[in-house]
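Peer 1: Here is my input; please provide its structure:
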Amino acid sequence: MKERFYELPAPLQKQIAIRIVGGAVFLLLFVIILLGFRDFYFSLPCLLLSGFLLINGIRLCYNSFAGNYMCIQGICEKIETVGIRKRIRGIWVQLEGNAVKIPIRQRMKVLSIGDNVIIYLSDKTPVYEHEGSYMICSYYALGIEKRGN
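Peer 2: Numbering: from 1, shown residues only. From the prediction side, this is the model:
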């Protein structure tokens, strides 16, 4: 199983690791709060978050091992930012002659126009029409290859 994990693309490995390790950390925090305060209801949110992260990570791992994901690749055409700190809110990617808008969930600073963007998403992810182009609202992981690579 370890070999199969290392055969997955690096962005998927990172997402699986973040979710499973996050679930383990919240499970440990649940035990610490339960032993320290001896109040189950006070530690219940940690248990619920731990369960959610662990199940989500295991589900992503299963779908990745089963090959139930797609990898699409395109060139970053436009970057939408918001606020004073210029946090990236969404990107426009040119895929096979069509522009696709992808909302960004995580903090991303290394992306620039012209970079190669690799999107890993479920094979059941819906694609919506948006202002004459397309929009993908959910994805598993996002990888970036700087131009010139």
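Peer 1: Count the neighbours of Ile136 for me.
Peer 2: Using other CB atoms under 10 Å, Ile136 has 19 other residues around it. In short, each C-beta sits where N, CA and C put it, glycine included.
Peer 1: Also Trp92?
Peer 2: When neighbours are counted by other CB under 10 Å, Trp92 registers 19.
Peer 1: do Cys76 as well
Peer 2: Neighbour tally, Cys76, other CB under 10 Å: 19.
Peer 1: contacting residues around it?
Peer 2: Counting by CB atoms under 8 Å, 6 or more residues apart in numbering, Cys76 makes contact with Ile91, Trp92, Val93, Leu111, Ser112, Ile113, Gly114, Asp115, Asn116, Val117.
Peer 1: Give me the phi and psi for Gln94.
Peer 2: Per-residue torsions, Gln94: phi -90, psi 110 (degrees, to the nearest 10).
Peer 1: what's the burial count for it?
Peer 2: Gln94: 15 neighbours (other CB under 10 Å).
Peer 1: and it, bridged to which residues?
Peer 2: For Gln94, the beta-bridge partners are Ile75, Ala99 (DSSP bridges).
Peer 1: any idea how far it lies from Gln73?
Peer 2: Separation of Gln94 from Gln73 (CB to CB, to the nearest Å): 10 Å.
Peer 1: quick one: the lowest-mean-pLDDT helix or strand in the chain to chain centroid distance?
Peer 2: Counting by mean pLDDT, DSSP states H and E, the chain has its least confident helix or strand at strand 127-130, which shows a mean of 88. Mean C-alpha position of strand 127-130 versus that of the full chain (CA atoms, centre = their mean, to the nearest Å) differs by 20 Å.
Peer 1: List the buried residues in stretch 125-139.
Peer 2: Residues of stretch 125-139 classed as buried by neighbour count (16 or more other CB atoms under 10 Å): Tyr134, Met135, Ile136, Tyr139.
Peer 1: Quick one: end-to-end length of it, please.
Peer 2: One end of stretch 125-139 sits 8 Å from the other (CA to CA, to the nearest Å).
Peer 1: Of the contacts of Cys76, which count as buried by neighbour count?
Peer 2: With neighbours counted by 16+ other CB under 10 Å, the contacts of Cys76 contain buried members at Ile91, Trp92, Val93, Leu111, Asp115, Asn116, Val117.
Peer 1: Could you export the contacts of Cys76 as JSON lines, including secondary structure, distance to Glu80 and pLDDT?
Peer 2: Shown next, in JSON lines, are these (DSSP: H, G, I helix; E, B strand; the rest coil; distance: CB to CB, whole Å; pLDDT from 0 to 100):
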{"residue": "Ile91", "secondary structure": "strand", "distance to Glu80": "7", "pLDDT": "93"}
{"residue": "Trp92", "secondary structure": "strand", "distance to Glu80": "8", "pLDDT": "93"}
{"residue": "Val93", "secondary structure": "strand", "distance to Glu80": "12", "pLDDT": "94"}
{"residue": "Leu111", "secondary structure": "coil", "distance to Glu80": "11", "pLDDT": "87"}
{"residue": "Ser112", "secondary structure": "coil", "distance to Glu80": "13", "pLDDT": "88"}
{"residue": "Ile113", "secondary structure": "coil", "distance to Glu80": "12", "pLDDT": "91"}
{"residue": "Gly114", "secondary structure": "coil", "distance to Glu80": "16", "pLDDT": "90"}
{"residue": "Asp115", "secondary structure": "coil", "distance to Glu80": "15", "pLDDT": "92"}
{"residue": "Asn116", "secondary structure": "strand", "distance to Glu80": "19", "pLDDT": "93"}
{"residue": "Val117", "secondary structure": "strand", "distance to Glu80": "14", "pLDDT": "93"}
